[in-house]
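1. structure of the sequence below:
(one chain, ligands or ions: 1)
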Amino acid sequence: MMRCVAALLTALMLLTPATHAANDVFEENEEPAEVVEVEQDWRLLLVNPWNKLPEDLEPELESLPNGLQVDARIFDDLTAMLTDCQKAGLRPVVCSAYRTKQTQTRLHNNKIARLQAAGYSKEAAVREAGRWVAVPGTSEHQTGLAVDLVSASYQVLNRKQEQTKEQKWLMEHCWEYGFILRFPSDKSDVTGIGYEPWHYRYVGKETALAMRDSGLCLEEYLTALESTQKNVQDVHTQENQAVDKPGNVGKRKGRVCGAGPQDVSERNRA
Ligand SMILES: [Zn+2]
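-> Below you'll find the model as predicted:
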């Protein structure tokens, strides 16, 4: 867990220059007067069943060779990952990327219609559909920061996808390019989404590395980051109390690994 906290602190220093600058001021004046607002990092945008997409989000898009689009800011790292995967003799395929609200709505409505055709009541169909196709406004695909990657030789979106050579390579190397496997098999209670061994989300290389080292999923990581930032601020308000004091680490330990959304009864697919 020391490693976990160390990774988070490292990530904090890398990701929050605004806090850095403010802390420098604290050290000079020794009397911080107000809470520091940490600049929002676009790479850490959280979208899940409990956190809807910002209404005004309009990512600048760039087209992949197959015509699908992603946020232009992740294009180079995604291309590098796919190119290196191909160089390893593998055939990864991007089967889903950016989706408009209209596309997500159509996918969601299609699922509801199929369930109703199978005998579900309207209410039950709506409830069940949310478990398999994310409700519009709660899908990472609408951010342009997520892609579904499959093996050219096996393009079915089910658990067997994890057994393909492409997924094994991607799961091992994705963090090097700033991507994470967003919905791991052991985090469904926290993410609200079932295991998806094909859905990769861009978070940037520093965060991807910190998440790999800490073993946290995105919800846990962001909660821990927030907690760590608060602790760092608290430390500065307590006359430069040492940040690695055993008592403090113990407090963080519980907050870092025990955090997550409260209501996780509904599990959705992104
Ligand atoms: Zn996906």
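2. what residues does the stretch 51-200 of the chain put near the ion?
-> Asp148, His199 (Cβ under 5 Å from the ion). C-beta: built from backbone N, CA, C; applies to glycine.
3. would you map the helices across the stretch 51-200 of the chain?
-> Taking DSSP state H, counting those that start in this stretch as the criterion, the stretch 51-200 of the chain contains helices spanning 75-87, 101-117, 122-129, 165-173, 188-191.
4. mind listing what the residue of the chain found nearest the ion touches?
-> Residue of the chain nearest the ion, by Cβ to the ion: His199 (3.6 Å). Contact partners of His199, counting by Cβ atoms under 8 Å, 6 or more residues apart in numbering, are Glu140, Ala146, Val147, Asp148, Leu181, Arg182, Phe183, Ala270.
5. and it, how far from Met211?
-> Relative to Met211, His199 is positioned 15 Å away (criterion: Cβ to Cβ, to the nearest Å).
6. inside strands: which ones of the contacts of His199?
-> Ala146, Val147, Asp148, Leu181 (DSSP state E).
7. the first one bridge partners, please.
-> This means Ala146. Arg201 (DSSP bridges).
8. what's the closest non-adjacent residue to Asp71?
-> Nearest non-adjacent residue to Asp71, counting by Cβ to Cβ, 6 or more residues apart in numbering: Gly144, 3.4 Å away.
9. then Lys122?
-> Gln116 is the one closest to Lys122 (Cβ to Cβ, 6+ apart), at 6.4 Å.
10. wait, that neighbour touches Arg127, no?
-> No - the pair Gln116 / Arg127 is not scored as a contact, 11.9 Å apart, by Cβ atoms under 8 Å.
11. for the residue nearest to Thr191 when sequence neighbours are not counted, list the residues it contacts.
-> Excluding the flanking residues, the one nearest Thr191 by Cβ to Cβ, 6+ apart is Phe183, at 5.3 Å. Neighbour list for Phe183: Thr191, Ile193, Gly194, Tyr195, Glu196, His199, Cys217, Ala270 [criterion: Cβ under 8 Å, 6+ apart].
12. same thing with Gln161?
-> Shown in contact with Gln161 (Cβ under 8 Å, 6+ apart): Val150, Ser151, Tyr154, Gln167, Pro197, Trp198.
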